[in-house]
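Participant: Fold the following.
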Amino acid sequence: MKKVDRLGWAEGFALKSYGVRIGVRSNDASALDRVCKYLPAGWQIGTTPVVDRVYSILVGGVGPRANVRRFSLLYGDHLRIARSTNLEDVFERFESDLRLFVGEFAPHRVFVHAGVVAWRGNAIVIPGRSYSGKSTLVAALVRAGATYYSDEYAVFDSKGLVHPFAKPLEIRAEGEFKQARITVDELGGKSGTKPLPVGLVLMTGYKRGAKWRPRKVSPGKGVLEMLFNTVSARRSPEKALSTLRHVTKKAEVLKGTRGDTSAIVDAILRRMDRIAERG
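Facilitator: Predicted structure coming up:
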């Protein structure tokens with residue numbers, strides 16, 4: 001850490017997100033203005049110099065000779081976590097690592113890798129890691145009128161209510177590695193603002209040509225599926241299990257392979273209509 005401290009930092013600031021204290025510093029003060037758009041929604045300026053993690057962004061650029069470029073670097077505490085001649089790549093890596101760190105250490109929330117939308121006062125939670133197609137399904141549901149909550153994390157409180165995790169959707173075209181960022185407005189949708197109970201946990205993966213024939217499974221299996229995708233499962237297993245049991249207490253849990261996403265949206269929302277009518 002002492003070696004990183006000696007690299008020469010021009011300016012920095014502290015912030016707080018979901019109860020986690022973060023420090024950010026850079027050798028280029030203008031980089032800190034750009035950093036703000038990569039911070040989690042609802043972050044606040046920190047009031048203490050004591051933080052849980054320090055991110056250090058070393059901005060590269062033109063070297064001592066015109067044909068030489070210095071790498072931009074990102075450190076999380078003493079560990080280097082990104083190195084690129086493209087500063088945008090460094091910021092994106094910062095954003096991803098920060099969200100994961102906050103998700104693991106948030107003291108009063110449980111973060112699950114999942115897409116989330118709302119329909120008629122209840123949330124649909126779609127657990128899954130990257131490349132599972134959850135963002136594509138979330139986007140299709142939003143286009144159909146569902147309210148957007150998240151395409152990356154379901155954020156639960158101790159009562160099992162899911163909170164919004166506002167950010168642009170990151171959608172990867174079939175066969176593509178790079179994701180495109182799309183706002184809710186571009187989808188013609190709207191974002192949720194208040195915590196909601198979960199009406200449906202949807203355990204699904206994409207398979208080309210598959211027909212949608214979901215089966216209802218037990219709440220316990222829903223808990224295990226979400227636990228597998230929970231950021232803090234190893235660090236705080238008891239808290240995660242307690243929270244997830246509250247999530248599935250009244251929710252339906254469905255499991256099934258899907259093919260064409262557009263073909264299942266109506267079926268999902270009709271099921272949510274029945275859940276809402278039952279109260």
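
Participant: which residues are in contact with the helix or strand that residue 80 is a member of?
Facilitator: Per DSSP states H and E: residue 80 is located in strand 79-84. The contact list for strand 79-84 (CB atoms under 8 Å, 6 or more residues apart in numbering) reads 71-75, 89-90, 93-94, 97. Glycine gets a C-beta too; all of them are placed from N, C-alpha and C.

Participant: list the helices and strands the following helix or strand past it packs on?
Facilitator: Counting by DSSP H and E, the next helix or strand C-terminal to strand 79-84 is helix 87-105. In terms of contacts (3 or more CB pairs under 8 Å, 6 or more residues apart in numbering; DSSP states H and E), helix 87-105 is packed against strand 20-26, helix 29-35, strand 53-58, strand 72-76, strand 79-84, strand 110-119.

Participant: which sections of the stretch 101-250 of the chain are below the confidence cut-off?
Facilitator: For the stretch 101-250 of the chain, the stretches with pLDDT under 70 are 172-178.

Participant: now the strand holding residue 80: how far from the chain's centre is it?
Facilitator: 21 Å (CA atoms, centre = their mean, to the nearest Å).

Participant: buried set for stretch 151-169?
Facilitator: 151-156, 160-165, 167, 169 (16 or more other CB atoms under 10 Å).

Participant: Now, these that are in strands?
Facilitator: If you go by DSSP state E, the buried residues of stretch 151-169 have 153-156, 162-163, 169 in strands.

Participant: what would these look like in JSON lines with distance to residue 118?
Facilitator: Listed next are those as JSON lines, based on distance: CB to CB, whole Å:
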{"residue": "153", "distance to residue 118": "15"}
{"residue": "154", "distance to residue 118": "12"}
{"residue": "155", "distance to residue 118": "13"}
{"residue": "156", "distance to residue 118": "14"}
{"residue": "162", "distance to residue 118": "9"}
{"residue": "163", "distance to residue 118": "11"}
{"residue": "169", "distance to residue 118": "15"}
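
Participant: Greatest separation within these: which pair is it?
Facilitator: Distances among those were taken as CB to CB; the most separated pair is 156 and 169, at 20.3 Å.

Participant: How is the protein partitioned into domains?
Facilitator: Domain segmentation of the chain under automatic domain parsing yields 2-105, 110-278.

Participant: can you give me the helices in the stretch 101-250 of the chain?
Facilitator: Using DSSP state H, counting those that start in this stretch, the helices of the stretch 101-250 of the chain run over 134-143, 219-228, 237-248.

Participant: buried ones in the second one?
Facilitator: For helix 219-228, the neighbour count (16+ other CB under 10 Å) marks 219, 222-223, 225-227 as buried.

Participant: do the same with the first one
Facilitator: When burial is assessed from 16+ other CB under 10 Å, helix 134-143 yields the following buried residues: 134-142.

Participant: on that earlier part again, tell me the angle of the strand holding residue 80 relative to strand 72-76?
Facilitator: 160 degrees (axes from the mean of the first three to the mean of the last three CA atoms, to 10 degrees).

Participant: residues touching the nearest residue to residue 228 once chain neighbours are set aside, list them.
Facilitator: Spatial nearest neighbour of residue 228, chain neighbours left out: residue 127 (7.6 Å); criterion: CB to CB, 6 or more residues apart in numbering. Residues near residue 127 by CB under 8 Å, 6+ apart: 112-114, 134, 154, 201, 203, 225-226, 228-229.

Participant: from those residues, which is closest to residue 41?
Facilitator: The closest of the contacts of residue 127 to residue 41 turns out to be residue 154 (CB to CB; 14.7 Å).
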